[in-house]
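Asks: Take a look and give me a structure for this.
(2 chains)
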Number of protein chains: 2
Amino acid sequence: MKVFITGGGGFLGYRLARKLLERGTLTGPDGQAGRIESITVFDTAFPPGTDPRLKVVKGDVSAPGAIAAAMDRDTTSVFHLAAVVSGGAEADFDLGYRVNLDGTRALLEHCRSLARPPRLVFASSVAAFGGDLPNVLDDSTTPNPQTSYGTQKVIGEYLVTDFTRKGYIDGRSLRLPTIVVRPGKPNAAASSFASGIMREPLNGQLSECPVDPAETGVWLLSPGKVVDAFIHAHELASSAWGVNRVVNLPGITVSVRDMLATLGRVAGEGVAARVKYTPDARIQAIVRTWPINFRTERALAMGFRPDPDFESVIRAYIADEGIKVS
Amino acid sequence: MKVFITGGGGFLGYRLARKLLERGTLTGPDGQAGRIESITVFDTAFPPGTDPRLKVVKGDVSAPGAIAAAMDRDTTSVFHLAAVVSGGAEADFDLGYRVNLDGTRALLEHCRSLARPPRLVFASSVAAFGGDLPNVLDDSTTPNPQTSYGTQKVIGEYLVTDFTRKGYIDGRSLRLPTIVVRPGKPNAAASSFASGIMREPLNGQLSECPVDPAETGVWLLSPGKVVDAFIHAHELASSAWGVNRVVNLPGITVSVRDMLATLGRVAGEGVAARVKYTPDARIQAIVRTWPINFRTERALAMGFRPDPDFESVIRAYIADEGIKVS
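Replies: Just a heads-up that it's a prediction; the model follows:
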């Protein structure tokens, strides 16, 4: 198996790469666990000290020829995570379409030209949903995104499905909940706060929460569980997907207030007190369009799993980062 | 008002242009009927003797700069009908994406650069639907197209919605039923037979029906009604659409067998006997993915109207074409 990860220098892509290194095998079309020969991580930037067992290629998915130059022709497995995030795509319309639409299309076109159709897992998003929504979304809810990012993700899903139907790839799209807790720094994603209000206080720093804690809920999944989901999505047989190549991943619904209360319970009230509510109308406007209550029967039937509760999400982050809590 | 029609040399686009010439006015953003100053018809080919009151521009929507060169900067109204049809987009994957996706995007990008955001009506299609479908589709049914044409139409809808949300255009997408009876010659659309089995016999010619008359139904709308729908879609206030810029047009469901029986009743059994069932697996496979039973409550509430019955569809065609039936 030869694996290619776009966004492989980003937090999730790099974590996926390390998890695949640790496993050493990946199940492909024959239903058997095959040895992973190589993992190429493709991104515009990488963490310092990138694992030397990874093939590192610096590039932009939307740059002409960049993917073609980076991807081995016998690549079996593609994970497409590269994207301009929600806030960024909303602020720069052209950039969002160039990377999130043109980049995805360029990747799919290159996959089409490979020796054999690769399995491809596409990271879509809960931002696919918006507009007039039911109280509880399910597998039949029609995406009506109210951001350009969400629009680009939905278009990507349709491209993945059509390229799959034509036999050019064997694609699978996962609509990711908000991923919490992300380590590192805040980014331009409108959802960045959801990690920031956990991460910064645990690092002894103050954090500003741009959305109303009482009125805002988050549909979330931990980094560990989403990496598991990427791998599970790859390993499922093609027949498990059928003609519907998109699935809403399971998550848990937590209010920001409950997130902060759980943080206080796990790490101490003094830690939770480092978060201050500082309203940001732009972020509020985007986050307000994201639904938070889902029934994800199809994903559960396919074997995808959410976190058991928010406390375990925080505890996993603390363990991953080696943070000491008193 | 300055009107621009892509696909304006095609049957529906040209009929729309003539209807607008006849009306002389079109209602725009101020809610008042405004005088139509000019109508530009843009297409790769035009009927002979094109009406001299139309500005005729020959071009390909996906050719760089073609739309920019053709469209006046104070265009108020765009009707986007140009497309590679379903059978053509399925046979030539690259051509379909170039015209139906890149062409649509180029058009929207140019509209974004105009002096003022134009109203834009996009001709989408019932081919948006496919895969595992309910017996009766409604406004909440999620598109899962099983053709590249359908995929490109759905992607076009999402682009129209996002460009609208950003204020670059005031867009509206209509999912057209199969349009019956089209005059002229058969085309590469998989639905071409649905007109052919009426048109050819009425012209005294034999016709081959590629699908099983007993098992195949068609969700259809007449050319006159769809032109009315384009104009109505343009004239509706922006608030009538809200955040959902796509609507399934109302149609009527008729089996091929009943279409032929109605033809026999209206034009004589000898005319209907000119149709011979000649199975075509490729056409069958595409047509089978199209649903035929719909509840179109939203469209009806918005004032869109179907044909009253199939007999009136045939009679309208006979009257339009000046055909003599005994």
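
Asks: A:P250 and chain B: what is the separation?
Replies: Per Cβ to the nearest Cβ, to the nearest Å, A:P250 is found 19 Å from chain B. (Glycine included, C-beta is placed from N, CA and C.)

Asks: Oh, that last question was meant for A:S113, not what I typed.
Replies: The gap separating A:S113 from chain B is 12 Å, by Cβ to the nearest Cβ.

Asks: burial of that residue, as a residue count?
Replies: By other Cβ atoms under 10 Å in any protein chain shown, the residues close to A:S113 number 10.

Asks: contacting residues for the closest residue to A:V160 other than its chain neighbours?
Replies: Spatially, and ignoring its direct neighbours in sequence, A:V160 is nearest to A:G171 (3.8 Å; Cβ to Cβ, 6 or more residues apart in numbering or on different chains). Applying Cβ atoms under 8 Å, 6 or more residues apart in numbering or on different chains to A:G171 gives the contacts A:R119, A:L120, A:V121, A:F122, A:V160, A:T161, A:F163, A:T164, A:R245.

Asks: In helices, which of these fall?
Replies: Members of those lying in helices (criterion: DSSP state H): A:V160, A:T161, A:F163, A:T164.

Asks: can you give me the helices for the stretch 201-326 of chain A?
Replies: A:223-235, A:238-241, A:256-267, A:269-272, A:281-287, A:297-301, A:310-321 (DSSP state H, counting those that start in this stretch).

Asks: which other residues reach the worst-scoring helix or strand of chain A on mean pLDDT?
Replies: Among the helical and strand segments of chain A, the one scoring lowest on mean pLDDT, DSSP states H and E is helix A:281-287, with a mean of 87. Residues external to helix A:281-287 that are found in contact with it (Cβ under 8 Å, 6+ apart): A:S86, A:G87, A:E90, A:T147, A:A190, A:S191, A:F193, A:P210, A:V211, A:D212, A:T216.

Asks: Please name the nearest non-neighbouring residue to the last one.
Replies: Yep, that's A:T216 we're talking about. Nearest residue to A:T216 in three dimensions, chain neighbours excluded: A:V256, at 4.7 Å (Cβ to Cβ, 6+ apart).

Asks: okay, now that neighbour: neighbour count?
Replies: By the other Cβ under 10 Å criterion, the neighbourhood of A:V256 contains 22 residues.

Asks: what's near enough to touch it?
Replies: Under the criterion of Cβ under 8 Å, 6+ apart, the neighbours of A:V256 are A:A194, A:I197, A:C209, A:V211, A:D212, A:P213, A:A214, A:T216, A:G217, A:V218.

Asks: from what I can see A:C111 touches A:T76, true?
Replies: No. Counting by Cβ atoms under 8 Å, A:C111 stays clear of A:T76, with 10.7 Å between them.

Asks: Please, where are all the strands along the stretch 101-250 of chain A?
Replies: Under the criterion DSSP state E, counting those that start in this stretch, the stretch 101-250 of chain A contains strands at A:119-125, A:170-176, A:178-179, A:207-209, A:217-221, A:246-248.

Asks: Can you say which of those strands is nearest to A:F11?
Replies: Checking these against A:F11 by Cβ to Cβ gives strand A:178-179 as the closest, at 8.2 Å.

Asks: tell me what the closest one is packed against?
Replies: The criterion is 3 or more Cβ pairs under 8 Å, 6 or more residues apart in numbering or on different chains; DSSP states H and E, and the helices and strands that strand A:178-179 contacts are strand A:217-221.

Asks: What average pLDDT does the strand it packs on get?
Replies: For strand A:217-221, mean pLDDT is 96.

Asks: by contact count, what packs against that strand?
Replies: Here strand A:217-221 touches strand A:178-179, strand A:252-255, helix A:256-267, going by 3+ Cβ pairs under 8 Å, 6+ apart.

Asks: again, 10 Å this time
Replies: The contact analysis (3 or more Cβ pairs under 10 Å, 6 or more residues apart in numbering or on different chains; DSSP states H and E) places strand A:217-221 against strand A:170-176, strand A:178-179, helix A:192-202, helix A:223-235, strand A:252-255, helix A:256-267, helix A:310-321.

Asks: Just say which of those is most tucked in.
Replies: Ranked by mean neighbour count, the helices and strands packed on strand A:217-221 are led by strand A:170-176 with a mean of 26 (mean count of other Cβ atoms under 10 Å in any protein chain shown).

Asks: Pairing partners for that one, with directions?
Replies: Sheet pairing of strand A:170-176 (DSSP bridges) gives strand A:119-125 (parallel), strand A:246-248 (parallel).

Asks: For B:R98, find the nearest of the strands of the stretch 101-250 of chain A.
Replies: B:R98 lies closest to strand A:170-176 among the strands of the stretch 101-250 of chain A, at 21.0 Å (Cβ to Cβ).

Asks: Alpha carbons only: can I get the closest one in PDB?
Replies: What follows is strand A:170-176, C-alpha atoms only, in PDB (Å, rounded to 0.1, in the frame of the first residue of the first chain):
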ATOM      1  CA  ASP A 170     -13.100   4.400  -5.000                       C
ATOM      2  CA  GLY A 171     -14.200   7.400  -3.000                       C
ATOM      3  CA  ARG A 172     -15.700   8.000   0.400                       C
ATOM      4  CA  SER A 173     -16.600  11.400   2.000                       C
ATOM      5  CA  LEU A 174     -16.900  12.000   5.700                       C
ATOM      6  CA  ARG A 175     -18.800  15.000   7.100                       C
ATOM      7  CA  LEU A 176     -16.600  15.800  10.100                       C
END
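
Asks: quick one: that strand to strand A:217-221, angle?
Replies: Here strand A:170-176 runs at an angle of 140 degrees relative to strand A:217-221 (axes from the mean of the first three to the mean of the last three Cα atoms, to 10 degrees).
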